[in-house]
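# Pasting the sequence and the predicted coordinates here, then a few questions.
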Amino acid sequence: MSDPIQTTTKRIKRLEIQGARNVAIAAIKAVETLAGQTEAPSKKDFLRELSKAKEILFASRATEPLMRNALRLIINRVERSEEKNVRRLAELVSQASEQFLADLEESNKKIADIGARRIRNDSVILTHCHSSTVTHLLRRAKREGKNFEVICTETRPALQGQITAKDMLELGVKTTFIVDSASRFFMNDVDLVLVGADAITSEGNVINKIGTSMVAIVAHEARTPFYVVSELLKFDPATMYGDYEKIEERSLGEVWKGAPRDLVIRNPAFDVTRRDFIHGIICEEGIISPHSITEVMHRKYDWVFE
Ligand code: RUB
């Protein structure tokens, strides 16, 4: 039997599974499969197995609080249960996983409903990288009969902008593909910038694909509204207690294969966009100010602070 944790981790590291939401969904499913296959003789052994799986998945990509919040919640259910029978505990993992996935789906739907209203007819929207949440919102707007164009940035070095561009063409949306550094060139023609999020800090800053903060600054300078489209559970509670969100650094070969020896290459996967450049976070609770994030989290998902 193949190891679901190792298989999923490999696919996440290689970006075959990308985007915070898809990463979290894949990690949840891997843990659910592991629980279904477990041969742990006792609750203690089962918990040890789950904890090891969690650590391996967390290490697959450092900047993924949605995955971390989900797996903590699911494994906590087992820790807190009075149940001793491993089979029944495995069922508990399955139930908690399915519930989390259903809630995530519901949030995604609400975000699309709310965000689609922000799309004006005949507008031009710029997006960076590939966010399944942004794509879902645009799909909803299109289905509602809104007419709009999309500009996709290439998103060096892994070129996730190509995924967005293909999604948009499939929707029948007029799509323009540009290199990242052309963002300012086109910004005056843009009505709205929509980007996803990997993490939201307690101060309301947003971490997303490298280059997002540059797009935000450019949008600010051009007075173009810049919105983050994100499930609230991308909030990282550890930032509340002083931790910085870790920024993953990826392989140098992604930037320049066969680069001269002794050349220093850096390849951070994400950057931080300050809340001052964000008009609003479009989330399942509505369009909120990034300043209100901890208040909203306490109201809606108080368990993340436990
Ligand atoms: C993807 C990225 C996406 C967010 C949000 O980076 O930065 O904007 O993850 O995506 P990578 P979603 O390709 O390195 O994973 O809305 O799908 O969660």
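Sure thing, it's come through. Residues are numbered from 1 along each chain as shown.
# Next, residue 271: phi, psi?
When quoted as degrees, to the nearest 10, the phi and psi of residue 271 stand at phi -140, psi 170.
# The stretch 101-250 of the chain: strands as residue ranges?
123-127, 148-153, 174-178, 192-195, 199-200, 206-209, 226-229 (DSSP state E, counting those that start in this stretch).
# And these: which comes nearest the ligand?
Set against the ligand and scored by Cβ to the nearest ligand atom, the strands of the stretch 101-250 of the chain come closest in strand 206-209, at 3.3 Å. C-betas here are computed from N, CA, C, even on glycine.
# Which neighbouring elements make contact with that closest one?
Counting contacts by 3 or more Cβ pairs under 8 Å, 6 or more residues apart in numbering; DSSP states H and E, strand 206-209 is packed against strand 199-200, strand 270-273.
# quick one: it near the ligand?
Yes: using Cβ under 6 Å from any ligand atom, strand 206-209 reaches the ligand at 208, 209.
# Please list the residues outside that strand that contact it.
Here strand 206-209 makes contact (Cβ atoms under 8 Å, 6 or more residues apart in numbering) with 63, 128-129, 131, 155, 160, 195-201, 212, 228, 230, 245, 247, 269-273, 275, 278, 281, 290.
# got the strands of the stretch 101-250 of the chain as TSV, with mean pLDDT columns?
Below are these laid out as TSV (pLDDT from 0 to 100):
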stretch	mean pLDDT
strand 123-127	98
strand 148-153	98
strand 174-178	98
strand 192-195	98
strand 199-200	98
strand 206-209	98
strand 226-229	98
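# Redo the ones you listed as CSV? Include distance to residue 112 and mean neighbour count.
Formatted as CSV, the strands of the stretch 101-250 of the chain follow (distance: least, Cβ to Cβ, whole Å; neighbours: other Cβ atoms under 10 Å):
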stretch, distance to residue 112, mean neighbour count
strand 123-127, 14, 22
strand 148-153, 14, 23
strand 174-178, 19, 15
strand 192-195, 11, 25
strand 199-200, 19, 28
strand 206-209, 18, 28
strand 226-229, 9, 26
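# coming back round to it: take the helices and strands packed on strand 206-209 and write them to a markdown table, including distance to residue 100.
Putting these into a markdown table (distance: least, Cβ to Cβ, whole Å) gives the following:
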| stretch | distance to residue 100 |
| --- | --- |
| strand 199-200 | 18 |
| strand 270-273 | 23 |
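# Output the longest helix belonging to the chain.
The longest helix of the chain (DSSP state H) is helix 86-117.
# Of all the residues in it, which ones are buried?
86, 89-90, 92-94, 96-97, 100-101, 104, 107-108, 110-112, 114-116 (16 or more other Cβ atoms under 10 Å).
# and that helix, is it in reach of the ligand?
No: Helix 86-117 stays clear of the ligand (Cβ under 6 Å from any ligand atom), getting no nearer than 8.6 Å.
# and what of stretch 60-70?
No: for stretch 60-70, no contact with the ligand is found by Cβ under 6 Å from any ligand atom; the gap never falls below 7.0 Å.
# Next, the distance between the ends of that stretch.
Stretch 60-70 has an end-to-end distance of 15 Å (Cα to Cα, to the nearest Å).
# same question for that stretch, mean pLDDT?
In this model, stretch 60-70 has a mean pLDDT of 97.
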